[in-house]
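> return atomic coordinates for the entry below.
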Amino acid sequence: MPGRRARTLCLSIAALTLLGLVATANAATERITASKSRAVTGAPTDLGASAAKKKGKGGAATTKSSQVAFASSTTVSAVASCTGKTHVTGGGFGVSPSFNPSPAPGAGLRSVNSTSNPSGPKAWSAGGSAFSTPLSSGSFTTYARCESNRLGKLAGIISSSLTLVPAQAQTFSFNCPPGTHVLSGGYAGSGIAGFTPVAANFRIIPLQSHRNGPGQWIVQASNSSAATTSATLTGYAVCERNAKGNAVSEVSTITSLVNDARATADPTCSGKTHVVSGGFLLAPNSVGTVPVALIDEFKPVGSKSWHLGLHESNLHNLPAGSSVQTFAYCKKG
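Model (predicted):
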């Protein structure tokens, strides 16, 4: 029933150790018992992206998009591609109309995003599903942030996959090799199990995807303990070769989450920089209850900003002090 909090999502993280799963039948509690944290290091898949020598300043970056129709009780995906002498630096997605849970039963497309990841040197892929209620229709758009080859050369994409049993969470730590730095990252996971908006149909729930220093990208997601089957999860990181003038900086904003409400954020690059990618970090996400906040807008806006929009699930309890940190990653050029 919309508005009724049937479950609480809990997460316990133990670094490098996969703990045993203790399932409960308590209908008021949803638990995610922890998984290991996996460090992934090594040579990324070679993209073979060519880059000419920098020749002064020029046409830094653009955003490409691909839109498909989206409606209640459907699953969709789209790929946005860079063109010409450019490469992808990051990407995201947007649902329209986005879901607003208040006042109950809410309005818009009540969607769950399951994939947002690089799909080669010039493309970004994203997708999601919309529950059956409330009835709505609109669009799903995938965005690729594209940068001139004069401003950097991709080293490759690192990825790793695994299977998550119900109530298992996983943290990937992707480490770009020496001589490179990380530009962006993403994830691809199993979608919802059914279109009826009940806790049992939730599966992969992204909790964080963001830069953690010059060479590392963190991806964390969980398979809901209310799920009845295992789910797959793949994490990604995009690495770029180091060169003079192509270092990445960041700006971020922290937004408090409120029960049954939307939250938005728009961190913005400053000065003579442009946005290349974005990231997010939901909190709390270590031990105890975590927020089930469903991101349905995560995209570049203009040349300098990265926009995040989400709706807090009215099927789950929101922990006190819950927040989302949204990142915009910036480069000169």
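> and residue 226, what's its pLDDT?
Looking at residue 226, its pLDDT reads 86.
> no no, residue 18
So residue 18 comes in at 29 (pLDDT).
> who is residue 65 paired with across the strands?
Residues in a beta bridge with residue 65, per DSSP bridges, are residue 143.
> before we move on, what about residue 170?
residue 221.
> can you get me a residue count around it?
Residue neighbour count, defined by other C-beta atoms under 10 Å, stands at 25 for residue 170. Bear in mind the C-beta positions are built from the backbone N, C-alpha and C, glycine included.
> that one touches residue 162, doesn't it?
Yes: counting by C-beta atoms under 8 Å, residue 162 is a contact partner of residue 170 at 6.3 Å.
> what's near enough to touch the nearest residue to residue 79 once chain neighbours are set aside?
Distance criterion C-beta to C-beta, 6 or more residues apart in numbering; nearest residue to residue 79, sequence neighbours excluded, is residue 125 at 4.8 Å. Listed by C-beta atoms under 8 Å, 6 or more residues apart in numbering, the contact set of residue 125 reads 77-79, 91, 115-119, 142, 188.
> relative to residue 233, how far out is residue 109?
24 Å (C-beta to C-beta, to the nearest Å).
> residues contacting the residue nearest to residue 166 when sequence neighbours are not counted?
Leaving aside its sequence neighbours, residue 166 sits nearest to residue 227 (C-beta to C-beta, 6+ apart; 4.4 Å). When contacts are counted by C-beta under 8 Å, 6+ apart, residue 227 touches 166, 193, 200, 202-203.
> can you tell me the SS state at residue 227?
coil (DSSP: H, G, I helix; E, B strand; the rest coil).
> residue 102 too?
Residue 102 is classified as coil under three-state DSSP.
> secondary structure element holding the residue nearest to it when sequence neighbours are not counted?
Counting by C-beta to C-beta, 6+ apart, the nearest residue to residue 102 once its immediate chain neighbours are dropped is residue 260, at 5.0 Å. Under DSSP states H and E, no helix or strand contains residue 260.
> ramachandran angles for residue 260?
phi 50, psi 40 (degrees, to the nearest 10).
> could you double-check that it sits in contact with residue 100?
No: using C-beta under 8 Å, residue 260 is not in contact with residue 100, being 9.3 Å away.
> just want to know which of these two has more residues nearby.
residue 260 (18 against 14).
> who's in contact with the more buried one?
Residue 260 touches 3, 101-102, 104, 312, 314, counting by C-beta under 8 Å, 6+ apart.
> which one (most neighbours) among those residues?
residue 314 leads those on contacts (other C-beta under 10 Å) with 25 neighbours.
> helix, strand, or coil at that residue?
From three-state DSSP, the assignment for residue 314 is coil.
> ditto for residue 134
Using three-state DSSP as the criterion, the local structure at residue 134 reads coil.
> correct me if wrong: it contacts residue 72.
Yes: proximity of residue 134 to residue 72 meets the contact threshold set by C-beta under 8 Å, at 7.3 Å.
> overlap in contacts of those two?
residue 110.
> show me how far stretch 63-77 is from its chain's centre.
16 Å (C-alpha atoms, centre = their mean, to the nearest Å).
> show me which positions of that stretch end up buried.
Neighbour counts over stretch 63-77 (16 or more other C-beta atoms under 10 Å) mark 63-67, 70, 72, 74-77 as buried.
> of those residues, just say which sits nearest to residue 276.
Ranked by distance to residue 276 (C-beta to C-beta), the buried residues of stretch 63-77 are led by residue 63 at 10.8 Å.
> distance of that closest one from residue 104?
Distance of residue 63 to residue 104, computed by C-beta to C-beta: 35 Å.
> residue ranges with poor pLDDT in the stretch 201-333 of the chain?
Low-confidence segments of the stretch 201-333 of the chain, defined by pLDDT under 70: 287-288.
> let's go with 50 and repeat that
For the stretch 201-333 of the chain, applying pLDDT under 50 flags no range at all.
> show me the strands in it, by range?
Taking DSSP state E, counting those that start in this stretch as the test, the strands found in the stretch 201-333 of the chain are 204-211, 216-223, 231-241, 249-256, 262-265, 273-283, 287-289, 293-301, 305-312, 323-332.
> so which of these is the most packed in?
Among these, strand 216-223 has the highest mean neighbour count (mean count of other C-beta atoms under 10 Å), at a mean of 26.
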